[in-house]
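Visitor: Provide a 3D model corresponding to the input given below.
(2 chains)
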Amino acid sequence: MAIRENKTLLIIFYVFIGLFALVCLVPFVLAVSGSLSTETEIAANGYSFLPQGFTFDTYKFMFGSKSEEIVRGYLNSVMITAMGTASAVIVTSAYAYVITAKGFRHRNVFAFFAYFTMLFSGGTLPWYILATKYYHLDNTLAGLFVPYLLNVFLMYLQANYFKSIPHEVVESAQIDGAGHYLIFFRIMLPLGQVGLVTISLFYALQFWNDFFLPLMLVTDEKLFTIQYMMYYMMANIQFLASGAASRISGAIIAPPLETAKLAMTCLTVLPIAILYPFLQRYFVRGIIVGSVKG
Amino acid sequence: MARRITWFSLLALVLFLSACSSNSNDGGSAGSGSPSGSSSSEASPTPGDPTQADFSEPVKLKLVFYTGQSKRMAELAGNELKDLVKKEINAELEFVYLPWSEYGGGKTDLMLSSGEEFAAYTDINYLSKSVSKGLYADLTPYVDAYAPDLKSNVAAASFDAFKLNGKQYAIPVGNRASSAAFYSVMVRQDLLEEVGMTSIGSLADLEQYYDKVHAKYPDMIGFASADATYMLMYEYTDKNLNWINNFIAVNEADQDDKLISWYESPEFKKYADLMNGWYKKGIIPKYAVTNQPQLMSDWNAGKAMFFTGTATRPIEGIAGITKAVPTAKLQNYFLSKNDRPKISRGTYNTAYFVSANAKHPERYVAFFNLLQKNQELYDFFTYGIKDKDYTLDENGRVTKLTSDLFFDDWMMMNDKFMRFEKSVPDDFIEQYKHWDDDAILSKTAGFNFDNTAVKNEESKLNGVFTELVAPIASGFVDYDTHFPKTLQKLKEAGLDKYIAEYQKQFSAWYASKAE
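Guide: Numbers count the residues shown, from 1 in each chain, chains lettered A, B, ... in the order given. The predicted structure follows:
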């Protein structure tokens, strides 16, 4: 009896989740179908769920004239995501270890330093001056991930995972003569895996989706990421459509093709869309393992 | 006890730091203004005469552009352009490209405030904002000495438009026919001829054109915009009106400083009635109420009959339409303008500023001079290299061999040098050449309103405008039924105070100009 009830409930859940998923899918379908339509049809009839005048011309055009840039953008994005995530996880978990280490007198001071930045920020201008004038991060690869190496929220998240590791484990290691390096790498990291997986996912998404750092720090086209190329294009279209262009020049400037815009969207979303199901599986497994152990 | 003291000192630190941080947020502009402000006074490179700068030392110039760099432009910048600039002004150029979202704010602001050295383009609004923070270099001393050719090739009114308190803060580049922007109606000449008409000279002609085309192509829309304030002006009044903003107009035919509260004027009623007639008749489509961007798409898809025009729009806009309708032709007409002079605002040209921290502002000015020095350099900057990027025929018509852009032609466009493509009809060129012949400079040209005293009123008024006024102005609703309530809302929002403040500042400025 109870099982049957659950079944009805399950069906209701599935229907709702299915509907919700469909709603989420709509914009994506519009983008894909738009990118496969001809420009004239889009101009004449607007967007639709099925491609109008089905054609690969837009992709041909984009890969013909911009293939180099797109490939380079992809490579940069992948590189920054990989390097950024790896270094961010190390920095974050190291900091988290420091503020959770029992017996370290000043850990509260460090915790406070990190916490303070969550409450107050210097603002964009001081940040910009610091990044360009003092650290010289402009137009460097490092500039695209170094400023994001420590996300305080994720650091606290990781610290909480570390805190849940029984202190006795650490103590017994200390009795056996293990130092902080050994404890950190051999005990905390392996036992805090669940947290590491979570924060790496967050970091990876953040690095992949970021366009703020390239916007602020990079003007060299060789360092453009795929997201920034996307942002660049959208910003130009928006500006031209807003009529602000006539304020400075009185001109009608033909905005980039509508279909190209959509094709670019598809290209940016694609890798995440492909990778996410796999990542998500690890993500879920990590949590389950953690919960059983904990 | 020791613990308590630590906590107290921490608390004190927090308070101190938060006070600092809020301080730097509010006063960011002032704080950043002062260092650059002081350096702007030191900006003159050599002690003594700024017109005798030393060009023997090579310098680097940074130019910020919006949009991206084309491949050919990058090649040019690395070779021929580099050599030219080295030879002419002993400088090396660095091009920085930013997305348009950073124009007049965003990263441009950050770069200015953090004291970077560069030049970029500006408009009057951004100019007055930045100059008040001391972020632009004063270029007055350098114009005569280092940009003599530019000065003779660009209208003096354009230079005046970018002056503030008598100082030249930006250098205009380009000189194009810019009067009567939006006062003309740009018609699909191919359709006009198709229905057996040749030209349009009045509102009656325009409506006849609509009727005829509508009978033949019932799917087409008439007017591809919802604002014809300028275009219809010649029809609904004998004055020669010009608008400072949504709320305020002036009559350029009168030699006085009187401002007109536009929505309260009888002319606005006439205009709104005309538009309402268009809307009811279907010249403005019904969907314009909710989906204005669609109008522009329809125009570009060749599905609209006419649009507001400027001197250059027929050639700038044609590329968009010929994609959908290869035979499309565009032509500007004025409705019952008769002998009223065209009005020029003198500000439609692009201008470059140089940041206050630039060590060699004179070298930047010398570079701007190169852009419009002579026909040869103009061709080079706009079209690239002859016979490689473009060809010229015996009439001087240009054929581009690459679709890559060099220096944006809307920025460079100068009547003295500009070339037309082969597809542009002769009569358009003829019309264009004489476009500004009967133009007068608006009496408001060069006036900048300081809105600090009426900021609240301004934002409230803009709210009322979007909600209530715009539908009346576009003819979507009837003037007689809706205007009384709208006027009341405008008054409540502070229309009278706003206009009084505007009048006060404008009269003071007008009087000082007359002296």
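Visitor: just checking, which helix or strand of chain B averages the lowest pLDDT?
Guide: Lowest on mean pLDDT, DSSP states H and E among the helices and strands of chain B sits helix B:28-41, with a mean of 37.
Visitor: tell me how many other residues surround residue B:377.
Guide: Using other C-beta atoms under 10 Å in any protein chain shown, residue B:377 is surrounded by 17 other residues. Heads up, the C-betas are built off the backbone N, CA and C, glycines and all.
Visitor: oh, that last question was meant for residue B:411, not what I typed.
Guide: 22.
Visitor: how close does residue B:313 sit to residue B:412?
Guide: Residue B:313 sits at a distance of 17 Å from residue B:412 (criterion: C-beta to C-beta, to the nearest Å).
Visitor: kindly report the same for residue A:110.
Guide: Distance, residue A:110 to residue B:412, by C-beta to C-beta: 57 Å.
Visitor: looking at those two, which is more packed in?
Guide: The neighbour count for residue A:110 versus residue B:412, taken as other C-beta under 10 Å, is higher for residue B:412 (22 against 14).
Visitor: which residue packs closest to the more buried one, ignoring adjacent ones?
Guide: residue B:382 (4.8 Å; C-beta to C-beta, 6 or more residues apart in numbering or on different chains).
Visitor: dihedrals phi and psi, that neighbour?
Guide: Residue B:382 adopts backbone torsions of phi -90, psi -40, taken as degrees, to the nearest 10.
Visitor: tell me the confidence at it?
Guide: As predicted, residue B:382 sits at a pLDDT of 89.
Visitor: check residue B:23 too.
Guide: Value for residue B:23, per-residue pLDDT: 39.
Visitor: repeat that for the one 4 residues further on.
Guide: Listed pLDDT for residue B:27 reads 34.
Visitor: what's the helix or strand for the nearest residue to residue B:338 once chain neighbours are set aside?
Guide: Excluding the flanking residues, the one nearest residue B:338 by C-beta to C-beta, 6+ apart is residue B:234, at 7.5 Å. Using DSSP states H and E, residue B:234 maps to helix B:233-236.
Visitor: C-terminal to that helix, what's the next element?
Guide: Counting by DSSP H and E, the next helix or strand C-terminal to helix B:233-236 is strand B:241-243.
Visitor: residues of the stretch 101-250 of chain B that sit close to chain A?
Guide: Neighbours of chain A within the stretch 101-250 of chain B, by C-beta under 8 Å from any C-beta of the partner chain: B:101-103, B:107, B:110, B:113-114, B:116, B:121-123, B:125, B:178, B:181.
Visitor: try 6 Å this time
Guide: Proximity of the stretch 101-250 of chain B to chain A is confined to B:101, B:110, B:113-114, B:123, B:181 under the rule C-beta under 6 Å from any C-beta of the partner chain.
Visitor: same thing with chain B?
Guide: B:18, B:21, B:25, B:28, B:67, B:96, B:99-101, B:110, B:113-114, B:123, B:181, B:297, B:300-301, B:310, B:316-317, B:319-320, B:324, B:348, B:350, B:410.
Visitor: how many residues are close by the closest residue to chain A within the stretch 101-250 of chain B?
Guide: Taking C-beta to the nearest C-beta as the measure, the stretch 101-250 of chain B has residue B:101 as its residue closest to chain A, at 3.6 Å. Other residues near residue B:101 come to 18 when the count uses other C-beta under 10 Å.
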